[in-house]
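Q: Dropping a prediction and its sequence here:
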Amino acid sequence: MSKSADNLGYLLSKAAKITRWDLNNKLAVLGLTAPQWAVLKDLSTQEECQNPTQNPTQNLTPASIADRLNADRPTISGIIERMEKQDWVYRMINPEDRRSYIIKLTDKAKEQMLDLERTSDATMHQAVTGFSQDEIQTLKKYLTQIINNF
């Protein structure tokens, strides 16, 4: 076994890169990338979880999206700009802070969410082929612990 094949950091990085590569290839048919899918999924989740007593715009700004996705705001702003040109999202002035925008899914994005979910699920299914359900749950537990450690 090579040294890199025994290195946890290398293995985690390689698994993430290969998974992202596969997802990018599958999403390319729809004109999307994995980072764009992450933004769409995040927005969809936020819209589904809106609490009527909560400020409805607070979780839909580029800054809040960047925070949840652990990305920098300029990167997320660029992704949003490209997705807006492709009619996946639209921006509106934030009524709470006129210097900021609220990002919303377009009808096109909402109509495609089920297909996008299936595409993402296909990549994840391929990634865990050969794992039992118990092993998948254990893997999720360990990965969650790694994330929480940071």
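A: Sure thing, it's come through.
Q: can we go C-alpha only for contacts and neighbour counts from here?
A: Will do.
Q: Just want the phi and psi numbers for the closest residue in space to Ala109 that isn't next to it in sequence.
A: Closest residue in space to Ala109, ignoring its immediate chain neighbours: Trp88 at 5.1 Å, by Cα to Cα, 6 or more residues apart in numbering. Dihedral angles of Trp88 (phi, psi; degrees, to the nearest 10) stand at phi -90, psi -30.
Q: mind checking how far Trp88 is from Glu117?
A: In this structure, Trp88 lies at 15 Å from Glu117, with Cα to Cα, to the nearest Å as the measure.
Q: neighbour-wise, which of these two wins?
A: Set Trp88 next to Glu117 and count neighbours by other Cα atoms under 10 Å: Trp88 wins out with 21 against 12.
Q: quick revisit: the residue nearest to Ala109 contacts Leu105, correct?
A: Yes. Contact between Trp88 and Leu105 holds when scored by Cα atoms under 8 Å: they sit 6.2 Å apart.
Q: For those two, list the residues in contact with both.
A: Overlap of the contact sets of Trp88 and Leu105 (by Cα atoms under 8 Å, 6 or more residues apart in numbering) consists of Leu40.
Q: which one is the residue most central in space within the chain nearest to, not counting chain neighbours?
A: The centre of the chain sits closest to Ala38, judged by Cα atoms, centre = their mean, with a distance of 1.8 Å. Closest residue in space to Ala38, ignoring its immediate chain neighbours: Leu69 at 7.7 Å, by Cα to Cα, 6+ apart.
Q: Near that neighbour, how many other residues are there?
A: Count around Leu69 with other Cα under 10 Å applied: 15.
Q: From Pro95, how far off is it?
A: Counting by Cα to Cα - Leu69 and Pro95 are separated by 24 Å.
Q: Thr106 now?
A: Distance, Thr106 to Pro95, using Cα to Cα: 19 Å.
Q: more neighbours, those two?
A: Higher neighbour count among Thr106 and Pro95: Thr106, with 15 against 11, using other Cα under 10 Å.
Q: Beyond the lowest-mean-pLDDT helix or strand in the chain, next helix or strand please.
A: For the chain, the helix or strand with the lowest mean confidence is strand 97-105, at a mean of 90 (criterion: mean pLDDT, DSSP states H and E). Past strand 97-105, heading to the C-terminal end, the next element that is a helix or strand (DSSP states H and E) is helix 107-127.
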